[in-house]
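Just need the structure, nothing else, for what follows:
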Amino acid sequence: MTQVLKNLVSLLSLEAIEEDLYRGSSQDLGFRQLFGGQVLGQCVSAASRTVEASRHVHSMHGYFLRPGDASLPVVYQVDRIRDGGSFSTRRVTAIQKGKPIFSCAASFQYDEEGFHHQLPMPDVPGPENFKSETELARLIAPMIPERLRERAVSDKPIEIRPVTRVNPFDPKPCEPVKYVWFRADGELPDDPQLHKYLLAYASDFNLLTTSMQPHGVSVFQKFMQVASLDHALWFHANLRMDDWLLYAMDSPWAGNARGFSRASIFNRAGQLVASVAQEGLTRLREDWK
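Got it, this is the predicted structure:
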């Protein structure tokens, strides 16, 4: 396991400070605010700490309420809403400076037998055919804003290899469909919950910007105000974050300064292991000049 991956695993591990109350460190990725994926992963981690190990998280639905501060830790308060015969439900509130920045509900279930079907995996070339985002960033390092440059060209805990490539500094209108391969950069322990925390973290990369592709705009353009508004994630099966996963994203709609994106996540064997949906703010700023 690389050091950057060890740091991410530690970030998602959380400190118990009271019953159903946890504290997580924060990581500055160079954005204007706290990366949403960190809060997603830490929320799933906090909720999982309050549920028996035989019940596995199968869904979470949350809302980003305020921008987070990457220089401060985050406190997670877990509400044990219900423990039924098969399902457990938890509400988690992420707090900074005494105010909620994110709120979500997460559901857990015993493994059960039942009907099964899934959509087929898209016919996409394998990850060995593509460069990583970090390698691509190093090729255009002088063009990257200074506050993001060091992070963009440094080693990452999650290796992302875009299949669909869009130049963020000179975007052109294209269809709202995107494919990327991703995996944790190193071998991970056999802890199914940890792999799900990491997937929640990684699921916030690339998704929202899919809705911007038809309009030829980018988060790097000063006239764009972009932020995640909500996030929903369904876990369909246990998964390995240290093996390649395909993130197949599309955006069926945008309007009213919002963009909606959805995605399917497949392992290399073609099994659908998770689904994701997100709506985000994609506002044209009138005060950017």
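
Hmm, residue 284 is touching residue 221, no?
No: the criterion here is C-beta atoms under 8 Å, and residue 284 misses it with residue 221 at 9.7 Å. C-beta: built from backbone N, CA, C; applies to glycine.

Report how many residues lie close to residue 167.
By other C-beta atoms under 10 Å, 12 other residues sit near residue 167.

Going forward, the N-terminal residue is numbered 524.
New numbering, starting at 524: the last item is residue 690.

Could you find the closest non-adjacent residue to residue 643?
If the residues on either side of it in the chain are set aside, residue 643 comes closest to residue 793, at 7.1 Å by C-beta to C-beta, 6 or more residues apart in numbering.

would the one you found count as being in a helix?
No: judged by DSSP: H, G, I helix; E, B strand; the rest coil, residue 793 forms no part of a helix; its state is coil.

So residue 807 and residue 744 - more neighbours on which side?
Applying other C-beta under 10 Å to residue 807 and residue 744 shows that residue 744 carries more neighbours, namely 16 against 12.

residues touching the more buried one, list them.
Listed by C-beta atoms under 8 Å, 6 or more residues apart in numbering, the contact set of residue 744 reads residue 694.

Helix or strand: which one has it?
If you go by DSSP states H and E, residue 744 is not part of any helix or strand.

before we move on, what about residue 628?
Going by DSSP H and E, residue 628 is part of strand 622-632.

can you check residue 696 too?
Element membership for residue 696, per DSSP H and E: none, as it lies in no helix or strand.

does it really touch residue 741, like I thought?
No: with contact defined as C-beta under 8 Å, residue 696 does not reach residue 741; the gap is 11.7 Å.

Compare the two and say which is more crowded by neighbours.
Taking other C-beta under 10 Å, residue 696 and residue 741 do not tie; residue 741 has more neighbours (17 against 11).

a helix runs through residue 638, doesn't it?
No: counting by three-state DSSP, one finds residue 638 to be coil, located in no helix.
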